[in-house]
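**Q** Structure of the sequence below:
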Amino acid sequence: MQKPRISAVAALASLALLTACGTEGGAGGGSSVESDVFVANVRWAFDTLTVDGKKTTAPAGAYVEFAENGRASGNSGCNHFGGEAAVEGDSLTFSLGETTEMACEEPSQSFEALLHKTFDGRFKAVLDGDTLTLTRQDGDTLVLSSQPPAPLKGTKWTVDTLVSAETATSLPAGSEGRAHFVIGADGKVTGNLGCNRFSTTAAVSGSTISFGRVVSTRMLCAPPQMTVEKAMLKVFESRAAYELHVRQLTLTAPDGSGVAASATRVVKD
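**A** Numbers count the residues shown, from 1 in each chain. Model (predicted):
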C-alpha cells in the first residue's frame, strides 16, 4: 500500500499542502498532472462528520495522524484507533484496524460509532487552507483541521494514556480530562495529577526532564482518579525521558512506566 506523502513543513506549523507534479508532452502532445494530498506529519482534528445528511460535531480531542510508513492512528474522542492509509492522486484510502475498547460517555460514544463506521474505505480528499474534507462515494463527509506542532513549554498537556513498558492503555473510565500540566518558560510546572493540584520544577536536558520536589494538595478521590495520580507521581519523582511528536508528549520513568498527553491549549504568557 502506498505511503502517505510527507507534508511541507512551515516555520511555525506543519500545514498540509495540495501540490501538483506532472510531465508535459512534447510538440503536439498534451500534458498530465497528478495531484497528491500531502497529509503526513500533521495532526488532523476531526471537526464534523456528516452521515445521511445529518451533521455531527466531533468531541474535543478527536484526531488522526498519518505516518510516513503507511500507518495512521488517532483518537475518536474516547478510544484510540489505528489502521493503514494510502494517498493516490486526490484519493485517500483508510482501513480501520484496531481500537481500544473503553466505555465512553455520550455524546462521545455516538460520535465514535459513526466515525468507525464512516472512516473506512476510499475518500476524495480536498484541501482548502488548513481544512481537509474527505468525501465517500455515498456522500458522507468528514471535515478535519490541521493543528500546528505544540512546544514543550507553554502548552497545556492533558494526560490521555497510561504507559507500561511497551503497552499503552486508555485512562480508567471516570478519570478522563482531569490530569494536566503546563511547563512554564521559567521551568515551573503546575497542573493537576488527576485528583490533586500540584506544582514542581523542570530542567530540560536533551531528551530528559529532571523534576524537583512535588508539592500538592492532599484530597482523596475515587479509585480511577487515584490510579492516574499514582502514575503521574511516578513520572514526576525525579527524572523522565520525554518524546514530543507534533501535539503528543510522552513522559517515561526509568522503570518504563509513564503517561502520554495531548496538547489541548498553548498558553500565552
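**Q** which stretches of the stretch 51-200 of the chain form strands?
**A** If DSSP state E, counting those that start in this stretch is used as the criterion, the strands of the stretch 51-200 of the chain fall at 54-57, 63-66, 71-75, 80-88, 91-99, 121-128, 131-135, 141-147, 155-164, 167-170, 180-183, 188-192, 197-205.
**Q** between these, which one is nearest to V39?
**A** Closest to V39 of the strands of the stretch 51-200 of the chain is strand 63-66 (Cβ to Cβ; 4.8 Å). For every residue, glycine as well, the C-beta is placed using N, CA and C.
**Q** Send me the closest one as PDB with only the CA atoms.
**A** Provided in PDB are the C-alpha atoms of strand 63-66 (Å, rounded to 0.1, in the frame of the first residue of the first chain):
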ATOM      1  CA  TYR A  63      -8.000  13.400  15.800                       C
ATOM      2  CA  VAL A  64      -6.000  11.300  13.300                       C
ATOM      3  CA  GLU A  65      -2.300  11.400  12.300                       C
ATOM      4  CA  PHE A  66      -0.900   9.800   9.100                       C
END
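**Q** Redo the strands of the stretch 51-200 of the chain as TSV? Include distance to S216 and mean pLDDT.
**A** Shown next, in TSV, are the strands of the stretch 51-200 of the chain (distance: least, Cβ to Cβ, whole Å; pLDDT from 0 to 100):
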stretch	distance to S216	mean pLDDT
strand 54-57	35	94
strand 63-66	30	90
strand 71-75	28	90
strand 80-88	28	90
strand 91-99	34	91
strand 121-128	45	92
strand 131-135	41	94
strand 141-147	31	94
strand 155-164	15	93
strand 167-170	24	82
strand 180-183	12	97
strand 188-192	9	97
strand 197-205	4	97
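**Q** most packed of these?
**A** Of all the strands of the stretch 51-200 of the chain, strand 63-66 has the most neighbours on average by mean count of other Cβ atoms under 10 Å, namely a mean of 24.
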